[in-house]
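Asker: Requesting a structural model of the entry that follows:
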Amino acid sequence: MKTILRLAAVPAVLMLVFLTSAAEAQTATSSHQVKPTSEMALADKRSEKREDLVEKRIDELHSQLKITPQQAPQWNAFAHTMRQNAQMMEQAFHERILKLPSMTAVEAMESYATIAQMNADNMQRLSATFDELYGVLSPGQQAIADRLFKNEHPPRRKTPQTMK
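Answerer: Predicted coordinates for the structure are as follows:
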């Protein structure tokens, strides 16, 4: 199965999605073209899509790593951490979206720094639960994980665009 997202990139991708949502919400709010209720509905719709992305990634990893029933406790802890991290980021960005229209530039920068720190903390938690999971994987599963988490890709065919 072709993997689009790599686990190490999930927080960064989620952050990009959240930032895009925040920018769109700020633009909509500042132009006074979108009412708060429709803005909230749009944010809820995006939230569902992000949750689907996280669940899809969890399912992909479970399948690729061939998790056994004996490894379920460590796997479940890892998957729970992924979900929890995504929910925490979602909440932080939702709060930022609501406050962003009235923030000064300094407050907006501080808000972004807080979210970036939260992302770093989340990665530390995810790394710890992955370490426990990795410890119960077979050597073959560890080799798969090593390949997946190093973001190794098969060599690309050279095209005129990549040769520049």
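
Asker: can you pull out the helices in this structure?
Answerer: Assignment of helices within the chain using DSSP state H yields the ranges 10-30, 36-65, 72-99, 105-136, 139-149.

Asker: weakest of the ones you listed by average pLDDT?
Answerer: Lowest mean pLDDT of the helices of the chain: helix 10-30, a mean of 47.

Asker: Switch the helices of the chain over to JSON lines; also include mean neighbour count.
Answerer: (Glycine included, C-beta is placed from N, CA and C.) Formatted as JSON lines, the helices of the chain follow (neighbours: other C-beta atoms under 10 Å):
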{"stretch": "helix 10-30", "mean neighbour count": "17"}
{"stretch": "helix 36-65", "mean neighbour count": "15"}
{"stretch": "helix 72-99", "mean neighbour count": "18"}
{"stretch": "helix 105-136", "mean neighbour count": "14"}
{"stretch": "helix 139-149", "mean neighbour count": "14"}
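
Asker: quick one: contacts for Ala79?
Answerer: Ala79 makes contacts with 58, 62, as judged by C-beta atoms under 8 Å, 6 or more residues apart in numbering.

Asker: give me that answer again for 7 Å
Answerer: Contacts for Ala79 (C-beta atoms under 7 Å, 6 or more residues apart in numbering) come out as Ile58.

Asker: now it: how far from Glu60?
Answerer: 12 Å (C-beta to C-beta, to the nearest Å).

Asker: next one: Leu133
Answerer: Counting by C-beta to C-beta - Leu133 and Glu60 are separated by 15 Å.

Asker: and if you look at Asp146?
Answerer: For Asp146, the distance to Glu60 - C-beta to C-beta - is 16 Å.

Asker: and if you look at Gln141?
Answerer: Here the criterion is C-beta to C-beta. By it, Gln141 lies 15 Å from Glu60.

Asker: Over to Gln142?
Answerer: 18 Å.

Asker: same deal with His94?
Answerer: From His94 to Glu60 the distance is 26 Å (C-beta to C-beta).

Asker: Equivalent analysis for Ala108, please.
Answerer: 34 Å.
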